[in-house]
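Q: coords please:
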Amino acid sequence: MATFLSLYSGSSGNCALIGENGRWLCVDMGKNCKATLAALYSVGLAAADLDGILVTHEHSDHVSGLKVFLKHYPVPVYGSAGTLEALEMYDLVPPGAQLCPLTTEAETVGAFEVRSFHTSHDSADCRGYRICTPAGHTAALATDLGTVTQEVRAGLGGADLAVLEANYDPVRLKTGPYPAYLKARIASPRGHLANGDTGAALTGLLGDGCERFALCHLSKENNTPELALTAVTRAFLDAGARLGRDGLVQVLSRSAVTPAIEF
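A: This next block holds a predicted model:
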């Protein structure tokens, strides 16, 4: 079996791990190096266990720990050409960091096969990732996207584990403290996914053979795990499916390590 670990997931920082047989890939590093190392150590892992770091995009809640981490642990960094250019342009990685551009074709990253796919977000070139382990288990992750395109659906479809953001509840966003421009950005097609959109996407993925799901990148201000799960449950029921019988859904913790998900 392969393992998915979320070290932290939310608007204040995101970092996930996919591993098998002692080798791991990291996806994003959105908290400082000290916090990330502490989370790694808490699950018995160290920087030496990482074959690479996949970066979805250059926003701070996905890369703020990267520069200091790479100064001490020169792990290869993978991402779209646009994202890697942005990392250098904004001084988010140290000089000499090993930056490896990925296309949308399947490519070898350490012990894993990785395929990236475009996601709709207001960054240089945001990507989701589909990761296949040496034993053939597949995890697919899409975070920070305002709409689920056919490309995203294909990237997640048929995965043993599909990880998709459930960023906000529309009522909480509308009535919350954010300024109007930020509310509009979040709700735009290049912003984030509302819980209902996530639920609709997951029910579609049930038809593609997915049975195990995780909800990532919940907003602290505009969402709760209960609201996200309620929306997904409603979407499942509307589609004639049921949580537990047709699909398992887990919400990733915003600030702590989520128990390991085997897939």
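
Q: show me where the chain has helices.
A: Using DSSP state H, the helices of the chain run over 33-42, 60-63, 66-72, 81-89, 150-156, 170-175, 180-187, 195-206, 225-238.

Q: just the residues contacting the fourth one, thanks.
A: Okay, so that is helix 81-89. For helix 81-89, the surrounding residues in contact (Cβ atoms under 8 Å, 6 or more residues apart in numbering) are 55-58, 63, 66, 77, 79, 92-93, 97, 99-101, 123-127. Yep, even glycine has a C-beta here, placed from its N, CA and C like the rest.

Q: do the second one as well
A: Outside helix 60-63, the residues within contact range by Cβ under 8 Å, 6+ apart are 10-14, 28-30, 55-56, 87, 92, 143-144.

Q: narrow the residues you listed to those that are buried.
A: Using 16 or more other Cβ atoms under 10 Å as the burial test, the contacts of helix 60-63 include 10-11, 13-14, 28-30, 55-56, 87, 92, 143-144 as buried.

Q: pLDDT and distance to His192 added to the residues you listed, as JSON lines?
A: JSON lines is the format used below for those (pLDDT from 0 to 100; distance: Cβ to Cβ, whole Å):
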{"residue": "Gly10", "pLDDT": "96", "distance to His192": "12"}
{"residue": "Ser11", "pLDDT": "91", "distance to His192": "9"}
{"residue": "Gly13", "pLDDT": "97", "distance to His192": "15"}
{"residue": "Asn14", "pLDDT": "98", "distance to His192": "12"}
{"residue": "Asp28", "pLDDT": "98", "distance to His192": "15"}
{"residue": "Met29", "pLDDT": "98", "distance to His192": "20"}
{"residue": "Gly30", "pLDDT": "98", "distance to His192": "15"}
{"residue": "Val55", "pLDDT": "99", "distance to His192": "18"}
{"residue": "Thr56", "pLDDT": "98", "distance to His192": "13"}
{"residue": "Leu87", "pLDDT": "98", "distance to His192": "22"}
{"residue": "Leu92", "pLDDT": "98", "distance to His192": "21"}
{"residue": "Thr143", "pLDDT": "97", "distance to His192": "9"}
{"residue": "Asp144", "pLDDT": "98", "distance to His192": "7"}
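
Q: pull the most distant pair out of these.
A: In terms of Cβ to Cβ, those reach their longest pairwise distance at Gly10 and Leu87, which sit 21.4 Å apart.

Q: sorry, back to before: tell me which of the helices of the chain lies nearest to Glu20.
A: Among the helices of the chain, the nearest to Glu20 by Cβ to Cβ is helix 33-42 (16.7 Å).

Q: still on that earlier bit, list buried residues within the contacts of helix 81-89.
A: Buried members of these, scored by 16+ other Cβ under 10 Å, are 55-58, 63, 66, 77, 79, 92-93, 97, 99, 123-127.

Q: which non-adjacent residue is nearest Ser42?
A: Val257 (5.9 Å; Cβ to Cβ, 6 or more residues apart in numbering).

Q: count of residues packed around that neighbour?
A: Using other Cβ atoms under 10 Å, Val257 is surrounded by 18 other residues.

Q: from what I can see it touches Tyr8, true?
A: Yes - using Cβ atoms under 8 Å, Val257 makes contact with Tyr8 at a distance of 7.4 Å.

Q: which neighbours do the two share?
A: Common neighbours of Val257 and Tyr8 (Cβ under 8 Å, 6+ apart) are Ala39.

Q: now do the strands in the stretch 1-150 of the chain.
A: For the stretch 1-150 of the chain, the strands defined by DSSP state E, counting those that start in this stretch occupy 3-10, 13-20, 23-27, 50-54, 77-79, 99-101, 107-109, 112-118, 127-132, 138-142.

Q: parallel or antiparallel, which strands does the fifth one pair with?
A: Strands adjacent to strand 77-79 in the sheet, as given by DSSP bridges, are strand 50-54 (parallel), strand 99-101 (parallel).

Q: right, and those - which one's nearest Pro134?
A: Pro134 lies closest, by Cβ to Cβ, to one member of the strands paired with strand 77-79: strand 50-54, at 10.9 Å.
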